[in-house]
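Chemist: Sequence and predicted structure are below.
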Amino acid sequence: MSCVSMLVSGKKIYAASDSLASCDDFTISIKTEKVFRNKNYIIGYAGAIRHGQLIRRISKQIEKIEIEYIPDIIFDTLKDGKCILDKDVEFQLIIGNKGNLYGVDNMFQLIEFGDNYHSIGSGSFFALGVLYSLNDEKIDPLTKVIKSIEAAIKFSPSVGGDIKTMVFP
């Protein structure tokens, strides 16, 4: 799968992700970015790469949509793109908007996270532990999300490669 972490600090959202694709016992380094942005949202995905590609394609269309309607638009886009829409297909989104973080899971449920940080993907348990432990520390926010991905790479066999970062806006 992968790992994507986001953290809100001040008026910015900091994101980091790995650059590995995996399936069962096969992994490959990829150039495809797992985090992208439009005018109003920063979006990261973990799981099925095709799902992420289709969502990236419509990212300009959803930049003016209210957050609560995004899961419906994503569902329709994936269905029209002939993607398998099944609870067994691993797919997660993390979305940052106006200082808040949201998640969309493979059942297209929208969740607003209660903390100023979150992580998705197969390495997320390790990344969340790092984000929790560093949350009150006086460390640069970008360093915090990078450290979270480093932990996921260290402990999860399906997370790896180079760490990519983005700051929004």
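Modeler: Arrived safely.

Chemist: Going by C-alpha atoms from here, please, whenever you check contacts or count neighbours.
Modeler: OK.

Chemist: Quick check: nearest residue in space to the most centrally placed residue in the chain, chain neighbours excluded?
Modeler: Note on the chain: the residue nearest the mean C-alpha position is G44, at 2.9 Å, using Cα atoms, centre = their mean. Nearest non-adjacent residue to G44, counting by Cα to Cα, 6 or more residues apart in numbering: V35, 4.1 Å away.

Chemist: distance of the one you found from D136?
Modeler: 25 Å (Cα to Cα, to the nearest Å).

Chemist: pull the longest helix from the protein.
Modeler: helix 141-155 (DSSP state H).

Chemist: Could you identify the helix or strand that succeeds it?
Modeler: The helix or strand immediately downstream of helix 141-155 is strand 164-168, counting by DSSP states H and E.

Chemist: Quickly run through the sheet partners of that following strand, with directions.
Modeler: strand 12-17 (antiparallel) (DSSP bridges).

Chemist: chain center to the partner strand: distance?
Modeler: The chain centre lies 9 Å from the centre of strand 12-17; the measure is Cα atoms, centre = their mean, to the nearest Å.

Chemist: hey, C-alpha coordinates of that strand in CSV?
Modeler: The C-alpha trace of strand 12-17 is given here as CSV (Å, rounded to 0.1, in the frame of the first residue of the first chain):
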residue,chain,number,x,y,z
LYS,A,12,-0.6,25.6,6.5
ILE,A,13,-1.0,21.9,6.0
TYR,A,14,2.2,19.8,5.7
ALA,A,15,2.2,16.5,3.9
ALA,A,16,4.7,13.7,3.3
SER,A,17,4.4,10.4,1.5
